[in-house]
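In: Curious how this folds, go ahead:
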Amino acid sequence: MSNPTHKAECSAEDAFKWTNNQCIFASGSPFPRMRVQFGDQKEEVDIVPAQGNNAYIFPGVALGVIASRATRVPDDMFLLSAEVLSGLVTDDMLSKGTVYPPIREIRNVSFEIAVRVAAECYRIGIASEVEPKDIRALIQRTQYHHKHHQPYSDAAFDNLEEHFMSNDEFVQ
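Out: Predicted coordinates:
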């Protein structure tokens, strides 16, 4: 759907209404929490319509490519990343209309995608870094974490993540 929200072709509410709650919905635009009755469920459930954007795929692809020092990024890496991402969505999430992991899990999502991307780079011979025995450890060493770099970590931001992750408006 088009961004920003006011230019979207339809709202999440419209998509669910027009499909009798049978759609799989994700948009580049945020839409408010809503109540939906899925399939054979007796009661409506609260959902936050999924917001899909580059934050779920590109950081993990980049991390895997950087860690393995791949010489190029074949298009198949994006399909592989989408498969990893879909594997991180549980049946419980799907039953609640969620098609992406919660954004609070984005570091883990990027990590898991990067592990698979790096492994694939080694498998197809485009990595220029010597293949490690433990790809997960390589990715862990390569993944940036602002709290490990004190000059860039301000104590004033320590509770920022908890604030946003506890606010229903921002949590999927």
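In: quick one: low-confidence parts of this structure?
Out: Across the chain, the ranges flagged by pLDDT under 70 are 1-2, 146-172.
In: run the last query once more with 90
Out: Counting by pLDDT under 90, the ranges of the chain that qualify are 1-12, 16, 20-34, 36-56, 92-104, 144-172.
In: Now do the buried residues in the longest helix belonging to the chain.
Out: Longest helix in the chain, counting residues (DSSP state H): helix 106-124. Neighbour-count burial for helix 106-124, counted by 16 or more other Cβ atoms under 10 Å, picks out 109-122. (Each C-beta comes from the backbone N, C-alpha and C, glycine too.)
In: Now do that helix: which elements does it pack against?
Out: Under the contact criterion of 3 or more Cβ pairs under 8 Å, 6 or more residues apart in numbering; DSSP states H and E, helix 106-124 touches helix 58-68, helix 76-87, helix 135-142.
In: Just the C-alphas of the first one, formatted as CSV.
Out: Taking only C-alpha atoms (Å, rounded to 0.1, in the frame of the first residue of the first chain), the coordinates of helix 58-68 have been written out as CSV:
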residue,chain,number,x,y,z
PHE,A,58,17.7,-5.5,4.7
PRO,A,59,19.7,-5.3,8.0
GLY,A,60,20.0,-9.1,8.2
VAL,A,61,21.1,-9.4,4.6
ALA,A,62,23.6,-6.6,5.0
LEU,A,63,25.0,-8.2,8.2
GLY,A,64,25.4,-11.6,6.6
VAL,A,65,27.1,-10.1,3.6
ILE,A,66,29.4,-7.9,5.6
ALA,A,67,30.4,-10.7,8.0
SER,A,68,31.2,-13.2,5.2
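In: Show me what that helix is in contact with.
Out: Contacting residues not belonging to helix 58-68 are listed as 70, 73, 77-78, 81, 84, 106, 109-118, 120-122, 126-129, 138-139, 141-143 [Cβ atoms under 8 Å, 6 or more residues apart in numbering].
In: returning to what we had before: off-centre distance for the longest helix of the chain?
Out: Offset of helix 106-124 from its chain centre (Cα atoms, centre = their mean, to the nearest Å): 13 Å.
In: Give me the contact list for that helix.
Out: Taking Cβ under 8 Å, 6+ apart as the rule, helix 106-124 contacts 55-57, 59-61, 63-65, 67-68, 70, 74, 76-77, 80-81, 84-85, 88, 101, 127, 131, 135-136, 138-140, 142-143, 145.
In: Can you turn the buried part of the residues you listed into a ChimeraX selection?
Out: A single ChimeraX command selects the buried members of the contacts of helix 106-124 (16+ other Cβ under 10 Å):
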select :56,57,59,60,61,63,64,65,67,68,70,77,80,81,84,85,101,127,135,138,139,142,143
